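>>> Whatever this is, show me its structure:
(one chain, ligands or ions: 2)
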Amino acid sequence: MDCPSDWPEPIVRVQMLSETENKIIPTRYVKPLLERPSFNKGDQGNSNIPLIDLFDLTNGDARAKKAIMDKISIACREWGFFQVVNHGMSSHLVDEAREVWREFFHQPMELKQEYANTPKTYEGYGSRLGIQKGAILDWSDYYFLNYLPSTLKDHNKWPSQPPLLRNVTEEYSNEIVRLGKLLLKLFSINLGLQEDYLQDAFGGDDIGACLRVNFYPKCPQPDLTLGLSSHSDPGGMTFLLPDEHVSGLQVRKGGEWITVKPARHAIIVNIGDQIQVLTNAIYKSVEHRVIVNPDKERVSLAYFVNPKSDILIKPATELLTSNTPALYSPMTFDEYRLFIRTKGPQGKSQVESLKSSR
Ligand code: OGA
Ligand code: NI
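Ligands and ions are numbered 1, 2, ... in the order given. Here you go, the predicted model:
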């Protein structure tokens, strides 16, 4: 099964809508009442996702290391989200990665249109997720590109401008893959599995990695719409580089939406659906969404580290007991991803619907 080679209706760039200075957003972007941020405002700013400093992982004694491992374990089980500092990436690289992409979105439209994407691979400059005609859309544009497997990486599909973009993105990607492999190892150890278990389950050296750069333009009616509708990430795990100047990401915790307050130069990590399946839901892939702002744009880089796309993903036998039998049937990531690529972001409906009936 494949996605079609074109969109069901003409693409409108949200950035163009935003620049018209119109005070009313088109009805295509107005969410049903129950999904609007005005209906479910979320926390009043006192809570946050766990903040984990990785410094002692390489520099601390055994006790300090254990304390970090425990924090990671709790975050994976109870939050599905945490942010890390001292992750080994230089502050300069982190800022540069965000800012070259901000520059990309601020270039003339003709230049960006050269990279317009289609639902066939999603690679390139895009403005919607899902191909359902008449769907209510999100208030954002994005750029999607493949990094791993290297057979899918094609620098010609990455913007040629600004001049530093390709090199900076390459360097940033390399660091994210390093961090991804490290966390797969830490998660495996925390779960009591062989330290290579998760990386092997992801395909060993053939793991996937792809980047979605989100651009959320200013929005005159932020209470009526969302920058990104509630969803859980379909892949393995996600590394999000947020915009430090503008908040927007909200994470579901119990019945509440918690607004993430990023620490300086932090990377936000979240568990995706494939790790929820592999851990038989010991680790949770948690719903999140993005709200927009009347007077500030927001740029974020969401890096998805995924299993090799044609390998079967199923709960680790080592984690199953007679009281906790397998919750999911085996499925490849290719098959799984088609759902969000066809229907667009729809909460956690997918991983829930896959629960096997036994
Ligand atoms: C995503 C995502 C959050 C953000 O791209 O999947 O959840 O803050 N992004 O942009
Ligand atoms: Ni997401």
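
>>> Which residues of this protein lie near ligand 1?
When proximity is defined by Cβ under 6 Å from any ligand atom, the chain lies next to ligand 1 at 212, 214, 228, 233, 240, 242, 248-249, 288, 290, 300, 302. Yep, even glycine has a C-beta here, placed from its N, CA and C like the rest.

>>> so which two of the residues you listed are the farthest from each other?
Asp233 and Gly248 (16.1 Å; Cβ to Cβ).

>>> Strands of the protein, residue ranges please.
Assigned by DSSP state E, the chain shows strands spanning 51-53, 81-85, 124-126, 141-148, 208-216, 228-231, 237-241, 249-253, 256-259, 267-271, 288-290, 298-306, 312-313, 331-332.

>>> got any ranges where the stretch 1-150 of the chain has weak pLDDT?
Along the stretch 1-150 of the chain, the model assigns pLDDT under 70 to residues 1-2, 42-45.

>>> Point me to the residue of it nearest ligand 1.
Proximity of the stretch 1-150 of the chain to ligand 1 (Cβ to the nearest ligand atom) peaks at Tyr142, 7.5 Å away.

>>> Could I get the contacting residues of that residue?
Counting by Cβ atoms under 8 Å, 6 or more residues apart in numbering, Tyr142 touches 125-127, 212-215.

>>> which phi and psi does the closest residue to Leu179 other than its chain neighbours have?
Nearest residue to Leu179, sequence neighbours excluded (Cβ to Cβ, 6 or more residues apart in numbering): His87, at 5.9 Å. Dihedral angles of His87 (phi, psi; degrees, to the nearest 10) stand at phi -90, psi 0.

>>> In this structure His87 contacts Ile268, no?
No - look at His87 against Ile268 with Cβ atoms under 8 Å: they stay out of range, at 10.7 Å.

>>> separation between the closest residue to Gln194 other than its chain neighbours and ligand 1?
In this structure, Gln194 finds its nearest non-sequential neighbour in Ser188, 6.5 Å apart by Cβ to Cβ, 6+ apart. Between Ser188 and ligand 1 the computed distance is 24 Å (Cβ to the nearest ligand atom, to the nearest Å).

>>> For Ser188, grab the count of nearby residues.
Other residues near Ser188 come to 21 when the count uses other Cβ atoms under 10 Å.

>>> and it, what does it touch?
194-199.

>>> Just the buried subset of these, written out for PyMOL, thanks.
Selecting only the buried entries of the contacts of Ser188 in PyMOL, with 16 or more other Cβ atoms under 10 Å as the criterion:
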select buried, resi 197+198+199
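
>>> Kindly reformat the contacts of Ser188 as a markdown table containing distance to Leu33 and pLDDT.
Shown next, in a markdown table, are the contacts of Ser188 (distance: Cβ to Cβ, whole Å; pLDDT from 0 to 100):
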| residue | distance to Leu33 | pLDDT |
| --- | --- | --- |
| Gln194 | 49 | 98 |
| Glu195 | 48 | 98 |
| Asp196 | 48 | 98 |
| Tyr197 | 45 | 98 |
| Leu198 | 40 | 98 |
| Gln199 | 44 | 98 |
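
>>> Just give me the closest of the contacts of Ser188 to ligand 1.
Using Cβ to the nearest ligand atom, Leu198 comes nearest to ligand 1 of the contacts of Ser188, at 20.3 Å.

>>> Skip the chain neighbours and tell me the closest residue to that closest one.
Leu198's closest residue in space is Leu184 (Cβ to Cβ, 6+ apart), at 4.2 Å.

>>> Correct me if wrong: that neighbour contacts Gly204.
No - applying Cβ under 8 Å as the test, Leu184 and Gly204 come out as separate, 10.8 Å apart.

>>> Neighbour count: those two, which is higher?
More crowded of Leu184 and Gly204, by other Cβ under 10 Å: Leu184, with 23 against 11.
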